[in-house]
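Undergrad: Quick one: sequence and predicted model below, then my questions.
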Amino acid sequence: MKAAFDLEAFEGAYLTRGRMMLWLLILLAILIASLLIAVSIGSVPINLLRAISDTTGPDHAIFFGVRLPRVLMGAAVGAVLASAGVALQALVRNPLAEGGILGISGGAALGAIVALIFLSTSAISDAIVPLVAFGSALVATLAVYRLALIEGRLEPFTLLLIGVIFNAFWGAAIMLVNSVVNFYYAHNILFWLMGSLEAPSYREVAIVAILAALGFAVLMMRAREMNLLSLGDEAAAELGVEVERLRRAIFFSTSVMIGAAVSVSGIISFVGLIVPHVLRLALGSDHRLLLPASLIAGAAFMIIADLVARVVIAPAEIPVGAITALCGGPFFIYMLRREGTKPFSL
Amino acid sequence: MSDRRNGEVVLRADDVAAGYGDVEILHGVSMELHAGELLAIVGPNGAGKSTLLKVLAGTLARRRGNLQLLGRSLESYDRRALATIVAAVAQENSVAFQFSVLEAVLMGRAPHLGPFHFETRRDLEIAHAAMEHFDLLELARRPIQELSGGERKRVFLARALAQEAKIALLDEPTAFLDLKHVGDIFSRFRALCGERGMAVVATLHDLNAAALYADRVLLMKDGAAVACGSVEEVLTEANLRAVYDTEVYVGRNPASGALMVLPAPRRA
């Protein structure tokens, strides 16, 4: 006996173009709302209309000179960290992976600091620093991955431990650099350790946005393969995935993305963990939707987190990395305990 | 049982050796697989059954020997082309993130789809048919993690079916399954052998299942083929005693007439 095929019976159980578009539009609306809120609130009240119409007034200067680039940078960095988090989680088949936790951001930060010290007088340091950060992010990613891989198996807790150790190691190396350079750099170095979005230039925003777009485009082309990778290397290969090639693509593009973000904002942890987790609960695990959704939601999340960082103790401010870490720490422990109770397999 | 050996040879292994690290598991196995047949691979633990399947699936590189798929060397296929011809289901399967049963079955369509294509109505029809065969329609929306071991196994078998491959390589397809589903699965794959000329290779611990459902049996021990042929030729008391190192009784099942194997160690 053959049951009649009824497409509607499957409604909502798999990803359709319509469902994907609907979700992305909803998230886009949230992003635009948080953008508008973030540019209109700050330690100095400004009038948005006057800022746009009166090009010589102080409102204009504050809006275009300070607030807008900062909000845009927050959006770019949040988008990068959240979507790179999704890709890294697919790579290691574990929802607890993230650039900050795995020590990739720390490696990138060390590279960026060293580059900054040696190149600070050079005119092209804007472009070189993100590249060096990318290179060191790649080295950090490969190191954590290779060291956690024991007899071809990637155990979640080995991976997390090695990430934690790398984090401490990079932190120590950064402190070492800090203690041998002059005072002028010391402030900058603290800024790297506890990420912040203070005073970016449009040029920096543009560089991060371009690198992020390149990395993200590569990830998007691999989205379906990331779904297959959650079945394991062998099953993915049997379904037509060149697993090694896919891995390399994820290594490179997430390193470009995280390196770019870290080179302008330092180490901002946990964004790549919180955003993907909440999205997975709401949207399911299909990476074709999860990747663009995390790009948009990550941007919105970071804009709001930075808004909090700017206003809670205004006119002083908290580094945004402290805000995300304060929320992210407890969240991570909650996830760890939750995952620990499941027969979650690698 | 009908002799299906007249089907063309779809997969041929000549003197294939393979292993992991320093350990060689397969020491030169030769076999042929014909279109439309169900070949059971049996043998004790550690005989190299799963390793042989991995080599045939192209996921484990062989160290020696030659493999021909549809008259061409297995290496000449790229991964995606291979996935449209050969479907494989491993003994143990895990999924790292929450996917619905339908999403998991639709993954079998991946080799047929480009990176930006959404599944078409036809893909969904194929998934629907595959899920129907394995009694999964009711579970379509459930997250795979919530299923029992046996249900999950059926999801992965349905995925292999949705792949619409010519050859299916199944590693212990009926472990964890209850009697009814064991029967259903083998009748399903036998029907596919007949209708689509699909060739199925299944490793089996259950010799009675092999006797009941297989066209031919490959008996392995210590990484080598001991015997290969029809059920009657291979599952003899002498062969099984030599391979399993224990006394067995081979008779006829009075109900079905099929060959029946029972352990018969002498009582202390």
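TA: Structure's in. What do you need?
Undergrad: So B:Tyr249 lies in a helix, does it not?
TA: No. B:Tyr249 sits outside any helix when classified using DSSP: H, G, I helix; E, B strand; the rest coil, being strand.
Undergrad: ok, it - contacts?
TA: B:Tyr249 makes contact with B:Glu237, B:Val261, B:Leu262, B:Pro263, B:Ala264 under the criterion CB atoms under 8 Å, 6 or more residues apart in numbering or on different chains. Backbone N, C-alpha and C define where each C-beta goes, glycine included.
Undergrad: Test my guess that the fourth one contacts B:Val248.
TA: Yes. Between B:Pro263 and B:Val248 a contact is recorded at 5.9 Å, counting by CB atoms under 8 Å.
Undergrad: Walk me through the domains of chain B.
TA: Structural domains assigned to chain B are B:1-70+B:166-268, B:94-164, following automatic domain parsing.
Undergrad: can those domains go into TSV with extra columns for distance to A:Leu72 and mean pLDDT?
TA: Rendered in TSV, the data for the domains of chain B read as follows (distance: least, CB to CB, whole Å; pLDDT from 0 to 100):
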stretch	distance to A:Leu72	mean pLDDT
domain B:1-70+B:166-268	46	90
domain B:94-164	28	91
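Undergrad: hey, which of those domains is tucked in deepest?
TA: Highest mean neighbour count among the domains of chain B (mean count of other CB atoms under 10 Å in any protein chain shown): domain B:94-164, with a mean of 20.
Undergrad: So B:Ala227: helix, strand or coil?
TA: Once three-state DSSP is applied, B:Ala227 turns out strand.
Undergrad: Dig out what it forms beta bridges with.
TA: B:Leu219 (DSSP bridges).
Undergrad: what's the longest helix in chain B?
TA: helix B:179-196 (DSSP state H).
Undergrad: centroid residue for the chain?
TA: Let's take chain A. A:Leu81 (0.3 Å; CA atoms, centre = their mean).
Undergrad: To clarify, I was referring to chain B.
TA: B:Leu170 (2.2 Å).
Undergrad: Would you verify that that residue is located in a helix?
TA: No. Secondary structure of B:Leu170 (three-state DSSP): strand, not part of a helix.
Undergrad: Run through the residues that contact A:Asp286.
TA: Contact analysis of A:Asp286 by CB under 8 Å, 6+ apart lists A:Tyr14, A:Leu15, A:Ala223, A:Asn227, B:Phe99, B:Glu103.
Undergrad: Take the residues you listed and keep only those in helices.
TA: Among these, DSSP H puts A:Ala223, A:Asn227, B:Glu103 in helices.
Undergrad: Now do the first one against chain B, distance only.
TA: In this structure, A:Ala223 lies at 7 Å from chain B, with CB to the nearest CB, to the nearest Å as the measure.
Undergrad: In contact with that residue, which residues?
TA: A:Asp286, A:His287, A:Arg288, A:Leu290, A:Leu291, B:Pro115.
Undergrad: Can you tell me the number of residues neighbouring the fifth one?
TA: Meaning A:Leu291. Around A:Leu291 there are 23 other residues, counting by other CB atoms under 10 Å in any protein chain shown.
Undergrad: shouldn't it be in contact with A:Val218?
TA: No. Using CB under 8 Å, A:Leu291 makes no contact with A:Val218, being 10.8 Å away.
Undergrad: Helix or strand with the lowest mean pLDDT in chain A?
TA: helix A:183-193 (a mean of 70; mean pLDDT, DSSP states H and E).
Undergrad: helices or strands up against the following helix or strand past that helix?
TA: Using DSSP states H and E, the helix or strand that follows helix A:183-193 in sequence is helix A:202-221. With contacts defined as 3 or more CB pairs under 8 Å, 6 or more residues apart in numbering or on different chains; DSSP states H and E, helix A:202-221 has these neighbours: helix A:68-92, helix A:125-148, helix A:243-265, helix A:287-311.
Undergrad: hmm, 6 Å instead?
TA: helix A:68-92, helix A:243-265 (3 or more CB pairs under 6 Å, 6 or more residues apart in numbering or on different chains; DSSP states H and E).
Undergrad: my guess is A:Leu138 contacts A:Thr254, does it?
TA: No. Judged on CB atoms under 6 Å, A:Leu138 makes no contact with A:Thr254 at a distance of 8.9 Å.
Undergrad: Which of the two has more residues huddled nearby?
TA: Taking neighbours as other CB under 10 Å, A:Leu138 and A:Thr254 compare with A:Thr254 leading, 29 against 21.
Undergrad: what sits against residue 45?
TA: Reading this off chain A. Applying CB atoms under 6 Å, 6 or more residues apart in numbering or on different chains to A:Pro45 gives no contacts.
Undergrad: Actually, chain B is the one I wanted.
TA: Contacts of B:Asn45 (CB under 6 Å, 6+ apart): none.
Undergrad: so it sits in a strand?
TA: No. Counting by three-state DSSP, B:Asn45 is not part of a strand but coil.
Undergrad: could I get the ones in helices among the contacts of A:Asp286 as a markdown table with distance to A:Phe270?
TA: Output for those, formatted as a markdown table (distance: CB to CB, whole Å):
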| residue | distance to A:Phe270 |
| --- | --- |
| A:Ala223 | 23 |
| A:Asn227 | 25 |
| B:Glu103 | 28 |
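Undergrad: which of these lies closest to A:Asn167?
TA: Closest approach to A:Asn167 among the ones in helices among the contacts of A:Asp286 (CB to CB): A:Ala223, at 28.4 Å.
Undergrad: how about the residues of the stretch 101-250 of chain A that lie near chain B?
TA: Counting by CB under 6 Å from any CB of the partner chain, the residues of the stretch 101-250 of chain A close to chain B are A:Met221, A:Arg224, A:Leu228, A:Ser230, A:Leu231, A:Glu234, A:Ala237, A:Glu238, A:Leu239, A:Gly240, A:Glu242.
Undergrad: Please check those residues and keep the buried ones.
TA: A:Arg224, A:Leu228, A:Ser230, A:Leu231, A:Glu234, A:Ala237, A:Glu238, A:Leu239, A:Gly240 (16 or more other CB atoms under 10 Å in any protein chain shown).
Undergrad: Grab the two from the residues you listed that are most spread out in space.
TA: A:Arg224 and A:Glu234 (17.7 Å).
Undergrad: what's in contact with the host helix or strand of B:Arg241?
TA: Using DSSP H and E, B:Arg241 maps to helix B:237-244. The contact list for helix B:237-244, computed with CB under 6 Å, 6+ apart, reads B:Pro44, B:Leu219, B:Lys221, B:Val226, B:Ala227, B:Val248, B:Val250.
Undergrad: Kindly recompute the last result at 10 Å.
TA: Outside helix B:237-244, the residues within contact range by CB atoms under 10 Å, 6 or more residues apart in numbering or on different chains are B:42-44, B:47, B:207, B:217, B:219-222, B:226-227, B:233-234, B:236, B:246-251, B:261, B:263-264.
Undergrad: pretty sure B:Lys166 contacts B:Ala160?
TA: No. B:Lys166 lies out of contact with B:Ala160 (CB atoms under 10 Å); the separation is 11.9 Å.
Undergrad: hmm, back to that, what do A:Leu291 and A:Val218 both touch?
TA: By CB under 10 Å, 6+ apart, the residues touching both A:Leu291 and A:Val218 are A:Ala87.
Undergrad: what sits in contact with each of B:Lys166 and B:Ala160?
TA: B:Val86, B:Ala87.
Undergrad: Counting neighbours, what do you get for A:Leu336?
TA: A:Leu336, neighbours per other CB under 10 Å, totals 13.
Undergrad: swap that for A:Leu161, please
TA: Neighbour count for A:Leu161, taken as other CB under 10 Å: 13.
Undergrad: check which helix or strand covers it.
TA: According to DSSP H and E, A:Leu161 maps onto helix A:156-180.
Undergrad: Name the residues of that helix that are buried.
TA: The neighbour-count check on helix A:156-180 (16+ other CB under 10 Å) flags A:156, A:159-160, A:162-163, A:166-167, A:169-171, A:173-174, A:177-178 as buried.
Undergrad: quick one: pLDDT of A:Phe344?
TA: For A:Phe344, the pLDDT comes out at 39.
Undergrad: Any idea how many residues pack against A:Ser105?
TA: A:Ser105 sits with 32 neighbouring residues when counted by other CB under 10 Å.
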